[in-house]
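Peer 1: fold the following and give me the result.
(chains A, B and C)
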Amino acid sequence: MTGTEFERVYRAVRLIPQAKVATYGQVARWLGWQHGARTVGWALRALPEGSDVPWHRVVNARGCISLADGERQQILLEAEGVAFSESGRIDLRVYGWAGPPPWWEADCL
DNA sequence: CGTATGACGAGCC
DNA sequence: AGGCTCGCCATAC
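Peer 2: Purely as a prediction, here's the structure:
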């Protein structure tokens, strides 16, 4: 695991509370990458199966599942209480997470 | 070290 | 309105 940067992605994703979702772009911005949404997807793709990272809580900006096989992701989200529309879309106004406070990464002095 | 890739996003035609 | 292209970032090769 080379990911010093990947680890940051994982740490940020782990902060997303249950029954909430965030977009790739959002996560990227938390890490300081205004246009690094693709990198977030890359990091999540590299994620092992038994990881403690709630990767399923990350969707694209439209509130849809980008993953080709998003079936499992949708099941995981629905199990948490996230509702999907008929077209498989999530209402980000309801389930979207504002993000962590700006000091989440700061140390205790 | 340069090129290619990817679970995105926003802009342009 | 909808589809296509380019941009952007960090890895992989």
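Peer 1: every contact and neighbour count from this point should use C-alpha atoms.
Peer 2: OK.
Peer 1: so, low pLDDT: which residues of chain A?
Peer 2: Applying pLDDT under 70 to chain A picks out residues A:1-3.
Peer 1: which parts of it are helices?
Peer 2: A:4-14, A:24-30, A:37-45, A:71-80, A:92-95 (DSSP state H).
Peer 1: near DNA strand B, which residues of chain A show up?
Peer 2: For chain A, the residues in contact with DNA strand B (C-alpha under 7 Å from any atom of the strand) are A:23-26, A:35-39, A:41-42, A:44-47, A:55-56, A:58-62, A:66-68.
Peer 1: just those that are near DNA strand C?
Peer 2: Among those, the ones lying near DNA strand C by C-alpha under 7 Å from any atom of the strand are A:35-39.
Peer 1: give me the buried subset of those.
Peer 2: A:36-37, A:39 (16 or more other C-alpha atoms under 10 Å).
Peer 1: about what we covered before: quick check: ChimeraX command selecting the buried ones in the residues of chain A next to DNA strand B.
Peer 2: With 16+ other C-alpha under 10 Å as the criterion, this ChimeraX line picks the buried residues out of these:
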select /A:23,24,25,26,36,37,39,41,44,55,56,58,59,60
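Peer 1: how about A:Leu92, nearest residue that isn't a chain neighbour?
Peer 2: Counting by C-alpha to C-alpha, 6 or more residues apart in numbering, A:Leu92 lies nearest to A:Gly63, which is 6.1 Å off, once chain neighbours are set aside.
Peer 1: give the contact list for that neighbour.
Peer 2: A:23, A:89-92 (C-alpha atoms under 8 Å, 6 or more residues apart in numbering).
Peer 1: before we move on, what about A:Asn60?
Peer 2: A:Asn60 neighbours (C-alpha under 8 Å, 6+ apart): A:23-25, A:66.
Peer 1: from the residues you listed, which two are the most distant?
Peer 2: Greatest spacing in the contacts of A:Asn60, by C-alpha to C-alpha: A:Gly25 and A:Ser66 (12.8 Å).
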